[in-house]
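Engineer: Fold the following and give me the result.
(one chain, ligands or ions: 1)
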Amino acid sequence: MTGQARVWVVDDDSSIRWVLERALNQAGIDNESFSDADSLLQKLRDDQPDVIISDIRMPGTDGLALLSHLNEHYPELPVIITTAHSDLDSAVESYQRGAFEYLPKPFDIDEVVAITERALAQAREKRGEIPVPEALPQTEIIGEAPAMQEVFRAIGRLAHSNITVLINGESGTGKELVARALHRHSPRAANPFIALNMAAIPKDLMESELFGHEKGAFTGANAKREGRFEQANGGSLFLDEIGDMPAETQTRLLRVLADGEFYRVGGHTPVKVDVRIIAATHQDLEELVQRGDFREDLFHRLNVIRIHIPKLAERREDIPRLMQFFFQRAAEELGGEPKVLLPETEQFLIGLDWPGNVRQLENTCRWITVMASGREIHLRDLPPELGKTTAPAETGTQTDWRELLYKWARNELVQGKHHILRQAVPTFERVMIEVALQHSQGRKRDAAELLGWGRNTLTRKMKDLNM
Ligand SMILES: Nc1ncnc2c1ncn2[C@@H]1O[C@H](COP(=O)(O)OP(=O)(O)OP(=O)(O)O)[C@@H](O)[C@H]1O
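Structural biologist: Numbering: from 1, shown residues only. Sure thing, here's the model as predicted:
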């Protein structure tokens, strides 16, 4: 945006001017008020705002006359009309004379601010200024594992279609990322992508969240509200954790999918929408259907194309690149240079089970970026709980590390490596030496004694190991 956004408000009611001034100021929108249209027109001769909010009934030039004048002489300038005497005629008249929006009083302050922001965005667009890009989450998907290649192929095949897609995968495997990619590569890319997590919405608010409500539909519904379906019109609606959708909402969703239209809560006029549904779940929907917890007909409607995202432990080969990517991103966000893993640290991390999948890996990389002081990451720099939660925790510390070693060795062999002792033994010795030196506060003679070596052996080993 060039300079500050400026909004002019004209209303003969000083209390309305006061309320609007306060709300706009709070939203950081620069504004100025006028008590009548004539003084506004006067000022318009040598200055121009980005948006005007005008009342209809005012002494002197009224709002509709002002609107006609503005529409003729300043067609680019969005005008929001407000009125306390709302009727069908004034609404129709306002739109016919080119109003950007029409708002009956008393209005919902948040709604006025939201509409003003939309008007400001449109004004910028018309002036040819580049619209402020929305802070889109990073959508690059990393995956060289065959299972991920399969996912990419599915996204590619679906690129030109509007088909409903069901994404299956454990929590944190990247379902939302894939949904965004499906949207970004679809003919709807320029329209909204709206994400909604069924598990995060209280049951009794779900319908109004999805379908919106009319003013007065229930206690607390002070103004009409658009639901997510309307917001996603022309674009995609991502319904995450669809298995958690309550039965009544399932029934309504099914009807919307069949008819392409719905009623807002408390509404009597059908609302038509064109929305592509991308649903996701970590649950076994077939099993939910069997148990009677999910409607079978809805399941079939959603299950047109299914994309399965494997858990991270099933695509360990992607872990190094993912970590590199997350270290890079964490460094950009938190400052500093991206961390680098020592080979033994990387091997250890590749061997873990990662029950929280890619999200857990990402969080671990952020943790390391914040907590580790050096650039190179040793085993000792890893979050202490990592081994416990994600490695198969056995009884007693002795079996703990042996289990990990088993896992590591198996993994090496699975990856086709040879001579694995060449890596394992020095790694083992290095860890032992580091711990002993830490314990002896750097005194080599004591460390050697702790290890059961002579001092010369320790010195030679440290030299061999480049320590
Ligand atoms: N293949 C990948 N490449 C890069 N980043 C990824 C990949 N998979 C997941 N991520 C990142 O991991 C995090 C979790 O992914 P996402 O939110 O898409 O998972 P989800 O399966 O939708 O999780 P939930 O089911 O818990 O909502 C996100 O920050 C996402 O950017």
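Engineer: CA atoms for contacts and neighbours, from now on please.
Structural biologist: OK.
Engineer: Mind listing residues that contact stretch 368-387?
Structural biologist: With CA atoms under 8 Å, 6 or more residues apart in numbering as the contact definition, stretch 368-387 has outside contacts at 327, 330-331, 334, 337-342, 344-345, 348, 352, 364, 367, 393.
Engineer: How about the residues of the protein by the ligand?
Structural biologist: Within the chain, the positions lying close to the ligand (CA under 6 Å from any ligand atom) are 140-143, 171-177, 358-359.
Engineer: would you list those in TSV and tack on neighbour count?
Structural biologist: Listed next are the residues of the chain next to the ligand as TSV, based on neighbours: other CA atoms under 10 Å:
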residue	neighbour count
140	11
141	13
142	15
143	18
171	18
172	20
173	22
174	22
175	24
176	19
177	16
358	21
359	16
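Engineer: So which of these is the closest to residue 16?
Structural biologist: residue 176 (42.8 Å; CA to CA).
Engineer: Narrow the contacts of stretch 368-387 to those in helices?
Structural biologist: 327, 330, 331, 334, 344, 345, 348, 364, 367 (DSSP state H).
Engineer: And the residues you listed, which is the shakiest by pLDDT?
Structural biologist: Ranked by pLDDT, those bottom out at residue 334, which has 83.
Engineer: What about that residue, how many residues nearby?
Structural biologist: For residue 334, the neighbour count with other CA atoms under 10 Å is 13.
Engineer: got it, and residue 11?
Structural biologist: The number of residues packed near residue 11 is 26, by other CA under 10 Å.
Engineer: does it really touch residue 17, like I thought?
Structural biologist: Yes - with contact defined as CA atoms under 8 Å, residue 11 counts as touching residue 17 (6.3 Å).
Engineer: coming back round to it: narrow the residues of the chain next to the ligand to those in helices?
Structural biologist: Under the assignment DSSP H, those contribute 175, 176, 177, 358, 359 to helices.
Engineer: could you dump the residues you listed to CSV with pLDDT?
Structural biologist: As requested, those are exported to CSV (pLDDT from 0 to 100):
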residue, pLDDT
175, 96
176, 95
177, 93
358, 97
359, 95
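Engineer: how is the chain carved up into domains?
Structural biologist: 6-126, 146-310, 313-395 (automatic domain parsing).
Engineer: Which one of these lies nearest to residue 409?
Structural biologist: domain 313-395 (9.1 Å).
Engineer: in the sheet, who's paired with residue 30?
Structural biologist: Assessed by DSSP bridges, residue 30 has beta-bridge partners residue 6.
Engineer: where's it relative to the ligand, distance?
Structural biologist: Look at residue 30 and the ligand: by CA to the nearest ligand atom, to the nearest Å, they are 36 Å apart.
Engineer: Touching, that residue and residue 23? I think so.
Structural biologist: No - between residue 30 and residue 23 there is no contact under CA under 8 Å: 10.6 Å.
Engineer: okay, and the common contacts of those two?
Structural biologist: Counting by CA under 8 Å, 6+ apart, residue 30 and residue 23 have no common neighbour.
Engineer: Excluding chain neighbours, what is closest to the residue of the stretch 351-467 of the chain found nearest the ligand?
Structural biologist: Per CA to the nearest ligand atom, residue 359 is where the stretch 351-467 of the chain lies closest to the ligand, at 4.2 Å. Leaving out its chain neighbours, the residue that sits closest to residue 359 by CA to CA, 6 or more residues apart in numbering is residue 172, at 4.8 Å.
Engineer: residues contacting that neighbour?
Structural biologist: By CA under 8 Å, 6+ apart, the residues touching residue 172 are 356, 357, 358, 359, 360.
Engineer: ok, back up a step: so among the contacts of stretch 368-387, which ones count as buried?
Structural biologist: 327, 330-331, 338-341, 344-345, 348, 352, 364, 367 (16 or more other CA atoms under 10 Å).
Engineer: Max pairwise distance over those: which two?
Structural biologist: 331 and 352 (23.6 Å).
Engineer: coming back round to it: return every residue with contacts to both of residue 11 and residue 17.
Structural biologist: Jointly contacting residue 11 and residue 17 under the rule CA under 8 Å, 6+ apart are residue 33.
Engineer: Which residue ranges of the stretch 301-450 of the chain form helices?
Structural biologist: All helices of the stretch 301-450 of the chain, identified by DSSP state H, counting those that start in this stretch, fall at 319-334, 343-351, 357-371, 385-390, 396-414, 421-439, 444-451.
Engineer: in which helix or strand would I find residue 237?
Structural biologist: strand 236-240 (DSSP states H and E).
Engineer: quick one: average pLDDT of that strand?
Structural biologist: 96.
Engineer: And it, what does it pack against?
Structural biologist: Counting contacts by 3 or more CA pairs under 8 Å, 6 or more residues apart in numbering; DSSP states H and E, strand 236-240 is packed against helix 175-184, strand 193-197, strand 276-281.
Engineer: Identify, out of the ones you listed, the most deeply packed stretch.
Structural biologist: strand 276-281 (a mean of 25; mean count of other CA atoms under 10 Å).
Engineer: Quick one: distance of that strand to the chain centre.
Structural biologist: How far strand 276-281 lies from its chain's middle: 15 Å, per CA atoms, centre = their mean, to the nearest Å.
Engineer: Who are the packing partners of it?
Structural biologist: Counting contacts by 3+ CA pairs under 8 Å, 6+ apart, strand 276-281 is packed against strand 165-168, helix 175-184, strand 236-240.
Engineer: Could you export those as TSV, including distance to residue 114?
Structural biologist: Formatted as TSV, the helices and strands packed on strand 276-281 follow (distance: least, CA to CA, whole Å):
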stretch	distance to residue 114
strand 165-168	32
helix 175-184	25
strand 236-240	21
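Engineer: The ones you listed: which one's closest to residue 209?
Structural biologist: Residue 209 lies closest to strand 236-240 among the helices and strands packed on strand 276-281, at 11.9 Å (CA to CA).
Engineer: Export that closest one to PDB, keeping only CA atoms.
Structural biologist: Once non-C-alpha atoms are left out, strand 236-240 reads as follows in PDB (Å, rounded to 0.1, in the frame of the first residue of the first chain):
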ATOM      1  CA  SER A 236     -11.600 -25.200  -2.200                       C
ATOM      2  CA  LEU A 237     -12.800 -26.100   1.300                       C
ATOM      3  CA  PHE A 238     -10.400 -28.300   3.300                       C
ATOM      4  CA  LEU A 239     -12.300 -30.300   5.900                       C
ATOM      5  CA  ASP A 240      -9.700 -31.700   8.200                       C
END
